[in-house]
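Visitor: Dropping a prediction and its sequence here:
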Amino acid sequence: MFADERKVLILEQLSLEGSVKITDLAKRFNVSTETIRRDLSELADAKKLKKVHGGAVAIKHIIHEKNYETRIRQNYEAKKRIGQYAAELIGDDEVIFLDNGATTEEIAKSIYNRKGLTLVINSLTIGSILAQKQVNGDFTGKIIFVGGIINSDNLITTGVLALSVISRLSADKAFIGATSISKSGIMMWDENDGEYSAALCRNANETYLVADSSKFDNESFYKFLDFSQIDHIITDDENRIDAGIINAADSNNVKFHLVKRKF
């Protein structure tokens, strides 16, 4: 086997497991440990991994929040499936906190045949969707828009005023999004966005994190929640989720809902 082929396989194993050991790789490829050390050094120089004592670990890149139009298009089918699944969990006469984001937008689009809902939102886009659905008779109840400082890029409200309103309200369920999820917790690129989502969780009886699987095993700027602060994670089966994240969720009694692709 050529060195370049071996490096590709090393990176594939690293992406699946998060770390590799020199001794294990030497046995797998039937080469010396010195050969593996040289491979890892060259990959580290190319910034493909980080060398540690006895092996290497995957490099965690800080995930920036893309603009809203881009986020809507990315992994759209997975977001749609997650949104449809989550909407089915909403019952009649419930108070629902609906966070802003591309996936929660899909939840709003998927609400049908519900009575007596109270939907608390901070997204102008989601507000427009829900208002039209209410006119169409898809649900009855009321829509409460949370005021605050308007973010013109995402058409949402955040800030002290928004947090003050949420602190006075209680909900049966909160559906929140995130920029990324790692084994250390749930992260958002914008700290104001993160604080608003955290406030929703504090004031809801049940909290659902809705995130497509591409967001897992990454890190962003601001950790706004620990796994102990959520009850459910709804995601898809497009990407493998790191075992460390699953263990962190399990140890905090977080239930995973895996929405599979329909063939």
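Guide: Okay, I see it.
Visitor: residue ranges with poor pLDDT in the stretch 101-250 of the chain?
Guide: Along the stretch 101-250 of the chain, the model assigns pLDDT under 70 to no residue.
Visitor: where exactly do the strands run in the stretch 151-263 of the chain?
Guide: 156-158, 171-176, 180-182, 185-188, 204-210, 222-225, 232-236, 255-259 (DSSP state E, counting those that start in this stretch).
Visitor: who's in contact with the first one?
Guide: In this case it means strand 156-158. Applying Cβ atoms under 8 Å, 6 or more residues apart in numbering, the contact partners of strand 156-158 are 100, 122-124, 145-151, 190, 192-193, 195-196. Where C-beta positions appear, they are placed from N, C-alpha and C, glycine not excepted.
Visitor: Out of the residues you listed, grab the one that's most surrounded.
Guide: Greatest neighbour count in the contacts of strand 156-158, by other Cβ atoms under 10 Å, goes to N122: 29 neighbours.
Visitor: Touching, that residue and S197? I think so.
Guide: No. Between N122 and S197 there is no contact under Cβ atoms under 8 Å: 9.8 Å.
Visitor: shared neighbours of these two, which are they?
Guide: D99.
Visitor: The strands of the stretch 151-263 of the chain: which one's closest to K27?
Guide: Among the strands of the stretch 151-263 of the chain, the nearest to K27 by Cβ to Cβ is strand 180-182 (29.7 Å).
Visitor: just checking, what packs against the closest one?
Guide: strand 185-188 (3 or more Cβ pairs under 8 Å, 6 or more residues apart in numbering; DSSP states H and E).
Visitor: Tell me the strands beside the strand it packs on, with direction?
Guide: In the sheet, strand 185-188 lines up against strand 180-182 (antiparallel), strand 222-225 (antiparallel) (DSSP bridges).
Visitor: Convert the C-alpha atoms of it to PDB, please.
Guide: C-alpha atoms of strand 185-188 as PDB (Å, rounded to 0.1, in the frame of the first residue of the first chain):
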ATOM      1  CA  GLY A 185     -22.500  20.800  25.200                       C
ATOM      2  CA  ILE A 186     -24.700  22.800  22.800                       C
ATOM      3  CA  MET A 187     -23.400  25.900  21.100                       C
ATOM      4  CA  MET A 188     -24.500  28.900  19.200                       C
END
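Visitor: And it, how far out from the chain middle?
Guide: Centre-to-centre, strand 185-188 and its host chain are 8 Å apart (Cα atoms, centre = their mean, to the nearest Å).
Visitor: Contacts for it next, please.
Guide: 63, 65, 178-181, 194, 197, 209, 219-227, 230.
Visitor: list the contacts for the most centrally placed residue in the chain?
Guide: Centroid-nearest residue in the chain: A211, 3.4 Å away (criterion: Cα atoms, centre = their mean). Contact analysis of A211 by Cβ under 8 Å, 6+ apart lists 82, 103, 177-178, 181, 233-235.
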